[in-house]
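Engineer: Compute the structure for the input listed below.
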Amino acid sequence: MTLAQHSRLLRRLIALNMAVSMAYPFAFFCYMFGAVFPPLIAALVWRAAIESGAALPVDTSYLMSYFVLMAVVSMLTSSWLSGFLANNIRNGKLSVWLARPGSFLYELVANNISEKAFKSLILFPMVAGFAWLFRDDISIAAPAWRWGIAALAIVMGAVIAISLDVAEGSLAFWIDDVSGLVKARTLLMAVLAGAVVPLALFPEWAQGFLMIQPFRFILSFPLEVVIGDLTGEEIATGFALQVTYTVLFVGAARWLWTTGKRSYAAVGA
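Structural biologist: Numbers count the residues shown, from 1 in each chain. Prediction:
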């Protein structure tokens with residue numbers, strides 16, 4: 001297939017998945033409410049802690065801005081593909097795609113993009129309301145170049161997350177059940193990406209590791225670029241690390257997927 005044919009196939013799959021997503025608006029409303037509610041509660045808890053005199057390495061403005069933007073960034077960089085990929089490998093449904101000109105990965109990526117597009121329509125008004133509640137404590141007046149870097153970091157964060165899912169799901173070529181691994185990695189990533197607690201609140205002795213580990217670049221790094229006090233050198237170093245991780249995880253996912261397909265022997269394969 002030519003590049004134009006690949007692009008046309010991806011566009012059609014995105015349109016198809018978008019139509020499917022629009023058939024379940026209430027379900028997506030519930031999902032997005034679940035995405036906004038935890039950061040809202042966390043913001044209230046940390047705000048109360050600061051008002052009670054807790055000595056934190058960041059101020060109220062940082063925390064409120066972090067949790068408001070986190071609801072958006074976490075959705076844009078999220079991926080939920082590993083379980084679906086593993087199930088299709090295990091039950092033999094992947095065999096259908098092996099006879100088609102396009103890879104099943106196109107379907108997974110199209111699903112990810114289309115659902116995010118539809119979720120954005122629901123999520124943004126919720127986040128706007130969230131931001132209005134804390135408007136006196138939010139400060140996101142970053143220079144345009146920082147927003148540009150953050151946008152690129154969000155795209156690469158999404159690519160890293162999808163690559164992790166593909167690599168993890170591809171393990172089903174050799175492992176019967178990857179659900180335990182999926183749950184363990186999801187929990188670990190939530191902590192190390194800064195979804196549970198901002199990385200800036202971790203102890204000083206852990207900061208060196210936290211700043212270079214890959215999960216930071218899925219969620220925390222784009223937020224730090226906009227609302228943190230990172231210097232230009234720190235942003236450049238972080239961006240270089242993120243590019244490196246993106247290349248590594250994409251390469252690992254591609255290798256596992258290609259190698260697994262060669263030995264695929266499920267029903268119908």
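
Engineer: May I have the residues that are in contact with Q213?
Structural biologist: Applying C-beta atoms under 8 Å, 6 or more residues apart in numbering, one finds that Q213 lies in contact with L192. Yep, even glycine has a C-beta here, placed from its N, CA and C like the rest.

Engineer: mind pulling up the phi and psi values for it?
Structural biologist: Per-residue torsions, Q213: phi -70, psi 150 (degrees, to the nearest 10).

Engineer: That one and G129, how far apart?
Structural biologist: 33 Å (C-beta to C-beta, to the nearest Å).

Engineer: swap in Y264?
Structural biologist: Per C-beta to C-beta, Y264 is found 48 Å from G129.

Engineer: pull the CA atoms of the helix or strand encompassing S65 into CSV?
Structural biologist: Secondary structure assignment for S65, by DSSP states H and E: helix 60-77. Taking C-alpha atoms only, helix 60-77 is exported to CSV below (Å, rounded to 0.1, in the frame of the first residue of the first chain):
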residue,chain,number,x,y,z
THR,A,60,-1.8,26.8,45.6
SER,A,61,-1.6,28.3,42.1
TYR,A,62,0.6,25.5,40.9
LEU,A,63,-1.7,22.8,42.3
MET,A,64,-4.9,24.3,41.1
SER,A,65,-3.5,24.9,37.6
TYR,A,66,-2.0,21.4,37.6
PHE,A,67,-5.3,19.6,38.4
VAL,A,68,-7.3,21.7,36.0
LEU,A,69,-5.0,21.0,33.0
MET,A,70,-4.4,17.4,34.1
ALA,A,71,-8.0,16.5,33.3
VAL,A,72,-7.4,17.5,29.6
VAL,A,73,-3.8,16.2,29.2
SER,A,74,-4.6,12.8,30.8
MET,A,75,-7.4,12.3,28.3
LEU,A,76,-5.3,13.4,25.3
THR,A,77,-2.4,11.1,26.2
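
Engineer: Show me what the helix or strand following that helix packs onto, helices and strands only.
Structural biologist: Sequence-wise, the next helix or strand downstream of helix 60-77 (DSSP H and E) is helix 82-90. Secondary-structure packing of helix 82-90 (3 or more C-beta pairs under 8 Å, 6 or more residues apart in numbering; DSSP states H and E): helix 104-133, helix 144-170, helix 179-192.

Engineer: So which of those helices has the densest surroundings on average?
Structural biologist: When the helices and strands packed on helix 82-90 are scored by mean count of other C-beta atoms under 10 Å, the highest mean neighbour count falls to helix 144-170 (a mean of 20).

Engineer: tell me the mean pLDDT for it?
Structural biologist: Averaging pLDDT along helix 144-170 yields 95.

Engineer: before we move on, what about stretch 83-103?
Structural biologist: Mean per-residue pLDDT for stretch 83-103: 82.

Engineer: Going by neighbour count, which residues in that stretch are buried?
Structural biologist: Using 16 or more other C-beta atoms under 10 Å as the test for burial, stretch 83-103 gives G83, F84, L85, A86, N88, I89, R90, L94, S95, W97, G102, S103.

Engineer: With respect to L199, which of those is nearest?
Structural biologist: Of all the buried residues of stretch 83-103, L199 sits closest to G83, with 26.7 Å by C-beta to C-beta.

Engineer: Quickly note the distance from the nearest residue to the closest one once chain neighbours are set aside to A86.
Structural biologist: Spatial nearest neighbour of G83, excluding adjacent residues (C-beta to C-beta, 6 or more residues apart in numbering): V182 at 5.9 Å. V182 is 8 Å from A86, where distance means C-beta to C-beta.

Engineer: Give me the common contacts of the two.
Structural biologist: E168.

Engineer: If we ignore the residues flanking it in sequence, what's nearest V73?
Structural biologist: P222 (5.5 Å).
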